[in-house]
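Visitor: What would the 3D arrangement of this be:
(chains A and B)
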There are 2 protein chains.
Amino acid sequence: MALIVQKFGGTSVADIDKIKNVAEKVIKVKKAGNQVVVVLSAMAGETDRLINLAHNAADSPDEREYDSLISTGEQVTVTLLSIVLNSMGYHARSFLGFQVKILTDMAYKKARISLIDTGAIRKELKKGTIIVVAGFQGVDKDNNITTLGRGGSDTSAVALAAALKADQCDIYTDVDGVYTTDPNVCAKARRLDKISYDEMLEMAMTGAKVLQPRSVEMAKKYNVPLYVKSTFSDKGGTLVTREDKDMEREIISGVTYDRDQVKITVVHVPDKPGVAADLFTPLSNKNIFVDMIIQNASLEGFTDLTFTVSKKDLKDAQKIIENTAKKVGANKVEVDDQVAKISIIGVGMASHSGVAARMFKTLAREGVNIMMISTSEIKISCIIQRKYMELAVSVLHDAFELEKKKVK
Amino acid sequence: MALIVQKFGGTSVADIDKIKNVAEKVIKVKKAGNQVVVVLSAMAGETDRLINLAHNAADSPDEREYDSLISTGEQVTVTLLSIVLNSMGYHARSFLGFQVKILTDMAYKKARISLIDTGAIRKELKKGTIIVVAGFQGVDKDNNITTLGRGGSDTSAVALAAALKADQCDIYTDVDGVYTTDPNVCAKARRLDKISYDEMLEMAMTGAKVLQPRSVEMAKKYNVPLYVKSTFSDKGGTLVTREDKDMEREIISGVTYDRDQVKITVVHVPDKPGVAADLFTPLSNKNIFVDMIIQNASLEGFTDLTFTVSKKDLKDAQKIIENTAKKVGANKVEVDDQVAKISIIGVGMASHSGVAARMFKTLAREGVNIMMISTSEIKISCIIQRKYMELAVSVLHDAFELEKKKVK
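Guide: Have a look, this model is predicted:
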């Protein structure tokens, strides 16, 4: 008898009919003789509705109250699924964060799970109960409700799987797995049967939306096998797991893109020690995440500093950076929001030479100018003009022959 | 410095603007130097929306899950009010049932409060925090969420006032107090400044919707002064309190009606010991509340038994009673759903003779036939034909001169 955690996202529980469909999936796994723990998101759109209510109530809603408010979305779906399962003759029981209990730190809106008490769930599992846990939420040590941030239900599922030492964690979503790239952008995109945690993490961090990066990190840390599957079809699926020899044969596994980038350049900055720190410390103090940074070669004691931030942070970042730019004696600040980040990812990169060169040549052949580059052991990212994004995805997908499955 | 509990119903928190209006009322009381504990219902219509979801999910939704589902309505309003209050510069903090904690028995959908832990609330009150408690909900000893039944937020408010030894409990609603009768039915209806717990209880039990009977019972038991006030006006208000000498001067305080009654007659029942028990035990086993019962004089060993039940129970009651009627050898079962109950209530009734006679004469003068009568020390109720209901309310209101305030 295996213990399986099944996580269903918002589109999978968007209405009662869809919840009944989820119930069928759950029962199938239960009937096969497994113990089942289900983790649910809120109905698609519901969290946004609640966030709007909060912002209609106040410009900057109190964070404790905000978290308690938006956590109701998952309370609705877990109780409804439990009602459906019970009416179909399967004993099911919903668990909220405080009922499990899923202990987190006190960082509202982006809490991190510190401990999961598995006692109550194990007791019910032994009785044959199907457990239905509210994703996205926990409680801090004073029983205040906290939430884990967008996509937090993936993290809830993996954390529960790790705490319960589950045999696998199935992430059900509206696509049937992880693809070499977005099929909406490139028709030749191919579903991957298997991908390593590290590659999945880089893909999630560089724009693939299928999994929340933190959940992949956690799955890697606790070695939880993750299956990405479709709620609406029994076919397909991608296993996210430890790196193995098969994976190294593939030079790259995927091409990702991210439209949510803005490039900011601070022009004519005095090139002396401490200036970069002066510029970036105020940003990090405001929790603005700076993704890529490049600095031009110094010319007569001056340089240009270019970096990217997320679009949602542009307004705040621009205000802060214009202020600091003046202080350090820079000439001006330029913003370019017509950019995109394009990345190639693969564990094979380390053992195959010339991957970067092939990427740059492929883009150059199409007249795509590369504005910024950043690399890791298994990833190369470039900032390019937005208008070339779809083209770049396609030609890179072709150049690395991603449509072909490598022979094992 | 007084400690005041303020309870606002669903129409008072129906949207963000109304919640802001509630915030003003709360701040006014806080600014006057009081400690404030607010209790809220769900937004008008929200509990019904959630109940519909549950019934779309299953015909007989699991009761544990049902309670956890519908309790989210209050979670939304208490967090929104707290967001508004905090944004206006007043420190406020929402409390859910498990956070207080409001301990109940395990009877889902109609739980009774057994204990309220006032520790956490008192600690926050000392800091000057405005406390905003979710009405209608509690938790049982195993941390399962329970609800107190319809109108349960009144009970939450009074129970909190009792536990905290509050100086008063203000019940804000969409009317500005308790009236001698429904102003929509009788234009001469007059607002009462004061009414006794017992009278209020009888009025609530015989059809007045302004307060939930259980909350009045509890207020009486713990001697909590209840003020019924309007959320939308600063005028008016009715104090529900202990009986005093002023009250005895009034013969009757109010006329109530209840359209939610159905009369069932079991015809030609053998008149022998145990038959009534045989008829009513199956009903009470199914939690069907039988209100009034009359039995005709026995004729040749047979009698007719007539009783009333709530409309919502008619289908179940009829099925059960037709079954039992056959067993005990009765002729048939007759149902009359074109009836109404009309009641007069007053503590002065005990010390004034002829009240019943005046009621019956008044109705007779208008040709209103009385089908059933039941009395208590401070109440007389009659079942009459539905079509005479409005007329009966008016003529009784006139006959007892309820439009005139008695000189103190």
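
Visitor: Which stretches in the stretch 201-350 of chain A count as helices?
Guide: Counting by DSSP state H, counting those that start in this stretch, the stretch 201-350 of chain A has helices at residues A:213-221, A:245-249, A:275-285, A:314-328.

Visitor: Need the contact partners of the lowest-mean-pLDDT helix or strand in chain A.
Guide: Comparing helices and strands within chain A by mean pLDDT, DSSP states H and E singles out helix A:245-249 as the least confident, with a mean of 70. Under the contact criterion C-beta atoms under 8 Å, 6 or more residues apart in numbering or on different chains, helix A:245-249 has outside partners A:Lys194, A:Ile195, A:Ser196, A:Glu199, A:Ser253, A:Val347, A:Gly348, A:Ser351, A:Lys406, A:Lys408. Where you see a C-beta, it was placed from the backbone N, CA and C, and this is true even at glycine.

Visitor: List buried members of these by neighbour count.
Guide: A:Lys194, A:Ile195, A:Ser196, A:Glu199, A:Ser253, A:Val347, A:Gly348 (16 or more other C-beta atoms under 10 Å in any protein chain shown).

Visitor: What's opposite the third one in the beta bridge?
Guide: Residues found in beta-bridge contact with A:Ser196 (criterion: DSSP bridges) are A:Thr241.

Visitor: That one and A:Thr241 touch, don't they?
Guide: Yes. Using C-beta atoms under 8 Å, A:Ser196 is in contact with A:Thr241, at 7.0 Å.

Visitor: Look up how far A:Thr362 lies from A:His380.
Guide: Just to correct that, residue A:380 is Ile rather than His. Counting by C-beta to C-beta, to the nearest Å, the gap from A:Ile380 to A:Thr362 is 12 Å.

Visitor: my bad, should have said A:Leu391
Guide: 11 Å.

Visitor: Double-check A:Phe95 against A:Ile131; I have them as touching.
Guide: Yes. Counting by C-beta under 8 Å, A:Phe95 touches A:Ile131, with 6.3 Å between them.

Visitor: list residues touching both of the two?
Guide: Contact with both A:Phe95 and A:Ile131 is made by residues A:Ile121, according to C-beta under 8 Å, 6+ apart.

Visitor: A:Ile380 and A:Thr362 - which one has more neighbours?
Guide: Looking at A:Ile380 and A:Thr362 with other C-beta atoms under 10 Å in any protein chain shown, you find the greater number of neighbours at A:Ile380, namely 21 against 18.

Visitor: In three-state terms, label the more buried one for me.
Guide: State at A:Ile380, reduced to three classes by DSSP: H, G, I helix; E, B strand; the rest coil: strand.

Visitor: Give me every residue in the stretch 101-250 of chain A lying close to chain B.
Guide: By C-beta under 8 Å from any C-beta of the partner chain, the part of the stretch 101-250 of chain A that sits against chain B consists of A:Asn143, A:Asn144, A:Ile145.

Visitor: Closest to chain B out of these?
Guide: Distance to chain B across these (C-beta to the nearest C-beta) is lowest for A:Asn143, with 5.5 Å.

Visitor: hang on, that closest one is in a helix, isn't it?
Guide: No. Secondary structure of A:Asn143, determined by three-state DSSP: coil, with no helix assignment.

Visitor: Next one: the residue of chain A most remote from its centre from chain B, what distance?
Guide: The outermost residue of chain A relative to its centre, with distances by C-alpha atoms, centre = their mean, is A:Glu300 at 42.8 Å. Distance of A:Glu300 to chain B, given as C-beta to the nearest C-beta, to the nearest Å: 51 Å.

Visitor: Tell me where the model's unsure across chain A.
Guide: Across chain A, the ranges flagged by pLDDT under 70 are A:248, A:406-408.

Visitor: just so I have it, where are all the strands in the stretch 1-150 of chain A?
Guide: Ranges of strands in the stretch 1-150 of chain A, per DSSP state E, counting those that start in this stretch, are A:3-8, A:35-40, A:92-95, A:102-104, A:113-116, A:130-134, A:137-139, A:145-147.

Visitor: how about those strands in TSV, adding mean neighbour count?
Guide: Below are the strands of the stretch 1-150 of chain A laid out as TSV (neighbours: other C-beta atoms under 10 Å in any protein chain shown):
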stretch	mean neighbour count
strand A:3-8	25
strand A:35-40	29
strand A:92-95	26
strand A:102-104	24
strand A:113-116	18
strand A:130-134	27
strand A:137-139	28
strand A:145-147	29
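
Visitor: For those, give me CSV that also has distance to A:Val395.
Guide: Supplementary listing: the strands of the stretch 1-150 of chain A in CSV, determined by distance: least, C-beta to C-beta, whole Å:
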stretch, distance to A:Val395
strand A:3-8, 35
strand A:35-40, 39
strand A:92-95, 48
strand A:102-104, 44
strand A:113-116, 41
strand A:130-134, 44
strand A:137-139, 43
strand A:145-147, 41
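
Visitor: Among those, which comes closest to A:Ile83?
Guide: When the strands of the stretch 1-150 of chain A are compared by C-beta to C-beta, strand A:92-95 sits nearest A:Ile83, at 8.3 Å.

Visitor: What strands flank the closest one, and is each parallel or antiparallel?
Guide: Strand pairing for strand A:92-95, using DSSP bridges, gives strand A:130-134 (parallel).

Visitor: Show residues contacting the strand it pairs with.
Guide: For strand A:130-134, the external contacting residues (C-beta under 8 Å, 6+ apart) are A:26, A:30, A:36-40, A:71, A:74-75, A:77-78, A:81-82, A:85, A:90-97, A:100, A:102, A:121, A:124-125, A:156, A:160.

Visitor: so who does the residue nearest the centre of chain A touch?
Guide: If you average the C-alpha coordinates of chain A and look for the closest C-alpha using C-alpha atoms, centre = their mean, you land on A:Gln212, 2.4 Å from that point. A:Gln212 makes contact with A:Arg150, A:Gly151, A:Gly152, A:Asp154, A:Thr155, A:Ala204 under the criterion C-beta under 8 Å, 6+ apart.

Visitor: List only buried entries from these.
Guide: When those are checked for burial by 16+ other C-beta under 10 Å, the buried set is A:Gly151, A:Gly152, A:Asp154, A:Thr155, A:Ala204.

Visitor: could you dump the residues you listed to a markdown table with secondary structure?
Guide: Output for the buried ones among the contacts of A:Gln212, formatted as a markdown table (three-state DSSP):
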| residue | secondary structure |
| --- | --- |
| A:Gly151 | coil |
| A:Gly152 | helix |
| A:Asp154 | helix |
| A:Thr155 | helix |
| A:Ala204 | helix |
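
Visitor: A:Leu53: what's it in contact with?
Guide: If you count contacts by C-beta under 8 Å, 6+ apart, A:Leu53 has them with A:Leu69, B:Ile16, B:Val76, B:Leu80.

Visitor: In this structure the first one contacts B:Val84, no?
Guide: It stands for A:Leu69. No. At 11.8 Å, A:Leu69 and B:Val84 do not qualify as touching, with contact defined as C-beta under 8 Å.

Visitor: what about A:His397, neighbour count?
Guide: The burial metric for A:His397, expressed as a neighbour count using other C-beta under 10 Å, is 25.

Visitor: what do you get for the one 3 residues further on?
Guide: Around A:Phe400 there are 23 other residues, counting by other C-beta under 10 Å.

Visitor: tell me the contacts of it?
Guide: Shown in contact with A:Phe400 (C-beta under 8 Å, 6+ apart): A:Ile251, A:Ile252, A:Val255, A:Ile344, A:Arg358.
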